[in-house]
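Visitor: Pasted the sequence and its predicted model underneath.
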Amino acid sequence: MSELSFASATELAEKIQNKDISAVELLNHYLERVDRFNGDLNAVVVDTREQALADAAAADADLAKGVSRGPLHGVPMTVKESFHIAGTASTWGNPALKDNVFDEDAEAVKRLKGAGANVFGKTNIPISLADFQSYNDVYGTTNNPYDHSRGPGGSSGGSAAALAAGLTGLEIGSDIGGSIRNPAHFCGVFGHKPTHGLLWMKGHAVAPKIRSTPDISVIGPLARSAEDLRTSVDLIAGPDPIVARGYKLDLPDLTGRSLSDLRIGIWRSEERAPIAKEVEDRVTKVAAALRDAGAQLNEDTRPAFDPSQSHDVYGHLLQATMASRMPDEDYDSLVQHVQTLDPNDQSDAAKVFRGQVSSFRDWSAANEARQKLRWAWHEYFQEFDALVMPIMATPAFKHDHRPFGERTIMVDNAERPYFEQVFWAGLTGVAFLPSTVIPTGLNKDGLPIGVQIVGPEFGDLVTIGIAQELERLGFDFTPPAAYQ
């Protein structure tokens with residue numbers, strides 16, 4: 001049955017439709033694996049199996065009558081803890097919110113269920129969804145399935161770990177600083193950060209009845225195949241009911257083009273945020289495969305902006321957004337601290353603090369700088385279909401639960417700032433761009449390494465389509481040996 005554990009959601013759906021296996025049998029298969037493996041992994045932290053078993057029986061009854069609910073009919077899946085599921089809490093890892101129970105599913109969950117997906121649990125996150133690791137005082141620590149001494153990434157770390165370990169068929173996470181892309185890279189799965197606003201975020205919030213979409217933040221799928229990313233985006237994407245009155249979604253895709261028809265940029269490394277040679281080598285490996293497939297590559301042309309300036313703009317807007325989640329007393333304390341800073345202090349820490357308490361005037365200036373970045377990217381993508389670049393400097397690192405200010409990352413024996421690791425995610429995130437992470441195989445230590453394929457705004461199906469083509473060329477999911 002191991003082929004079931006690591007099959008794509010598309011393959012699982014086909015098996016159910018062909019009646020090779022029932023929805024109940026498939027769900028029980030994954031539940032048995034959760035019971036066997038999750039104790040040490042700690043990826044699935046909320047269990048809704050009782051309802052899921054009833055839903056699986058209903059799915060089988062429907063299929064017996066010739067009724068299919070959609071492309072995910074009967075496929076078991078889990079979702080990131082931050083999504084609302086009726087009858088469960090969304091704590092975002094905060095013990096004060098352990099009783100924060102919701103009575104309605106998130107919109108994305110509704111759409112996935114409407115297409116037949118069977119949600120049986122939720123997966124772990126860091127507190128406030130704000131780390132490259134996934135641990136908190138509510139649910140504990142999630143381990144990387146390729147090496148338990150390392151983290152699975154964050155903040156959708158439980159999502160990626162559950163997929164890689166074969167505990168679930170499909171996942172959905174969220175991303176503001178690489179929180180889909182970093183775990184996909186660390187756990188060797190596929191992940192897609194959509195164009196900002198493409199997937200409605202209703203029901204992904206710590207408070208009830210939130211309607212606003214946070215700046216930069218998005219929701220998106222993680223999966224063991226690129227085709228599953230395409231299916232998920234097709235199901236969830238689209239305007240909210242107000243916007244739908246006047247707008248209809250019409251995303252471009254590869255429309256019959258092959259890799260040989262594409263112009264693709266390659267961005268291997270950047271002095272502002274160095275990456276390990278083994279990660280750069282994987283960008284080179286993907287570039288070679290694209291070149292061999294006939295794609296026209298350009299390794300010299302860059303979007304017309306200063307990457308360091310882009311990173312500063314991203315950092316300011318990111319910190320302002322993250323601080324908006326803070327309790328009043330914490331925010332008030334930050335305001336008082338910033339008032340004590342020397343106006344000439346331009347250290348990274350000072351920039352973080354100022355961004356967190358940004359005035360509307362300062363935020364507007366940063367937003368104007370962001371709009372210029374968007375247009376620079378737009379001009380770049382007039383010439384290129386996509387851009388391949390790293391997503392993180394290293395493979396998964398060892399667990400490190402020290403205070404943030406004490407953490408660093410070793411990049412080829414050089415000590416680098418911990419949160420410098422948002423650089424590659426922020427380059428594209430600040431400009432609202434879609435980005436698809438693909439696995440490139442394991443390194444000498446048995447750890448996955450991924451790269452990201454970036455496209456223009458609303459070019460989501462193009463980057464996913466390129467990922468599908470590369471998957472056919474061998475850039476596919478490799479199960480962790482301990483879970484086979």
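Guide: Okay, I see it.

Visitor: how about the residue nearest the centre of the chain, what does it touch?
Guide: Computing the C-alpha centroid of the chain and ranking residues by C-alpha atoms, centre = their mean puts Ile180 first, at 1.2 Å. Residues in contact with Ile180 (C-beta atoms under 8 Å, 6 or more residues apart in numbering) are 156, 159, 173-174, 191-193, 218, 220, 222, 437. Using the backbone N, CA and C atoms, a C-beta is placed for each residue, glycine as well.

Visitor: For those residues, which single residue is the most surrounded?
Guide: Compared across those, Ser159 has the highest neighbour count, 40 neighbours, by other C-beta atoms under 10 Å.

Visitor: one step back: closest to Leu27 out of the contacts of Ile180?
Guide: Among those, Ser159 lies closest to Leu27 (C-beta to C-beta), at 18.2 Å.

Visitor: how near is the closest one to Tyr135?
Guide: Distance of Ser159 to Tyr135, given as C-beta to C-beta, to the nearest Å: 15 Å.

Visitor: now swap in Leu254 and tell me
Guide: From Leu254 to Tyr135 the distance is 39 Å (C-beta to C-beta).

Visitor: Of these two, give the one with the bigger neighbour count.
Guide: A direct count of neighbours by other C-beta under 10 Å for Leu254 and Tyr135 places Tyr135 higher, at 22 against 18.

Visitor: give me every residue that touches the closest residue to that one other than its chain neighbours.
Guide: Nearest non-adjacent residue to Tyr135, counting by C-beta to C-beta, 6 or more residues apart in numbering: Thr141, 3.9 Å away. Thr141 makes contacts with 42, 133-135, 151, 399, 401, as judged by C-beta under 8 Å, 6+ apart.

Visitor: any idea which of the residues you listed has the most stuff around it?
Guide: Ser134 (36 neighbours).

Visitor: Pretty sure that one sits against Gly153.
Guide: Yes: in this structure, Ser134 is within contact of Gly153 by C-beta atoms under 8 Å, at 7.1 Å.

Visitor: okay, the residue lying closest to Gly459 once chain neighbours are set aside: pLDDT?
Guide: Distances taken as C-beta to C-beta, 6+ apart place Pro434 nearest to Gly459, at 5.8 Å, with adjacent residues excluded. We have a pLDDT of 98 for Pro434.

Visitor: just Asp332 next, same as before
Guide: 88.

Visitor: and it, which of the three is it?
Guide: helix (DSSP: H, G, I helix; E, B strand; the rest coil).

Visitor: Give the burial count for it, as a bare number.
Guide: 12.

Visitor: Next: Asp362.
Guide: 14.

Visitor: Roughly how far does it sit from Asp215?
Guide: 14 Å.

Visitor: Can you tell me which of the contacts of Thr141 is nearest Leu249?
Guide: Ser134 (31.9 Å).

Visitor: Nearest spatial neighbour of that closest one, chain-adjacent residues omitted?
Guide: According to C-beta to C-beta, 6+ apart, the nearest residue to Ser134 is Gly157 (2.9 Å).

Visitor: from memory that neighbour sits against Gln133, does it?
Guide: Yes: counting by C-beta under 8 Å, Gly157 sits close enough to Gln133 to count as a contact (6.7 Å).

Visitor: what residues are shared contacts of these two?
Guide: 126, 151.

Visitor: which helix in this protein runs the most residues?
Guide: helix 360-383 (DSSP state H).

Visitor: The next helix or strand after that one pairs with which strands, parallel or anti?
Guide: Past helix 360-383, further along toward the C-terminus, the next helix or strand under DSSP states H and E is strand 386-389. When pairs are called by DSSP bridges, strand 386-389 turns out to pair with strand 263-266 (parallel), strand 448-454 (antiparallel).

Visitor: list the buried ones in the helix or strand following strand 386-389?
Guide: Sequence-wise, the next helix or strand downstream of strand 386-389 (DSSP H and E) is strand 408-411. When burial is assessed from 16 or more other C-beta atoms under 10 Å, strand 408-411 yields the following buried residues: 409, 411.

Visitor: CA-only coordinates of strand 408-411 in CSV, if you can.
Guide: The C-alpha coordinates for strand 408-411 follow below in CSV (Å, rounded to 0.1, in the frame of the first residue of the first chain):
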residue,chain,number,x,y,z
THR,A,408,22.0,32.7,13.0
ILE,A,409,22.2,30.4,9.9
MET,A,410,25.4,28.9,8.7
VAL,A,411,25.8,29.3,4.9
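
Visitor: Relative to Thr321, how far out is Ser128?
Guide: 12 Å.

Visitor: just Gly450 next, same as before
Guide: In terms of C-beta to C-beta, Gly450 sits 25 Å off from Thr321.

Visitor: Val46 reaches Phe120, doesn't it?
Guide: No: applying C-beta under 8 Å, one finds Val46 not in contact with Phe120, separated by 9.6 Å.

Visitor: In which helix or strand does Thr428 reside?
Guide: helix 423-429.

Visitor: actually Gly191, sorry about that
Guide: Gly191 belongs to strand 190-193, assigned by DSSP H and E.

Visitor: And the nearest residue to Val189 once chain neighbours are set aside, how close does it get to Asp312?
Guide: Counting by C-beta to C-beta, 6+ apart, Val189 lies nearest to Leu163, which is 4.9 Å off, once chain neighbours are set aside. Leu163 is 34 Å from Asp312, where distance means C-beta to C-beta.

Visitor: what do you get for Gln484?
Guide: 45 Å.

Visitor: which one of these two has more residues nearby?
Guide: Asp312 (19 against 10).

Visitor: Secondary structure element holding that one?
Guide: Using DSSP H and E, Asp312 falls in helix 307-323.

Visitor: Compute the mean per-residue pLDDT across that helix, please.
Guide: So the average pLDDT for helix 307-323 ends up being 95.

Visitor: And for stretch 83-102?
Guide: 97.

Visitor: looking at this, Val79 is in a strand?
Guide: Yes: under three-state DSSP, Val79 falls within a strand.

Visitor: coming back round to it: name the residue in Gly450 and Thr321 with the higher neighbour count.
Guide: The neighbour count for Gly450 versus Thr321, taken as other C-beta under 10 Å, is higher for Gly450 (29 against 19).

Visitor: Now the residue nearest to Ala323 when sequence neighbours are not counted, what are its backbone angles?
Guide: Ranked by C-beta to C-beta, 6+ apart and with sequence neighbours excluded, the top spatial neighbour of Ala323 is Gln356, at 3.7 Å. Main-chain dihedrals, Gln356, degrees, to the nearest 10: phi -60, psi -30.
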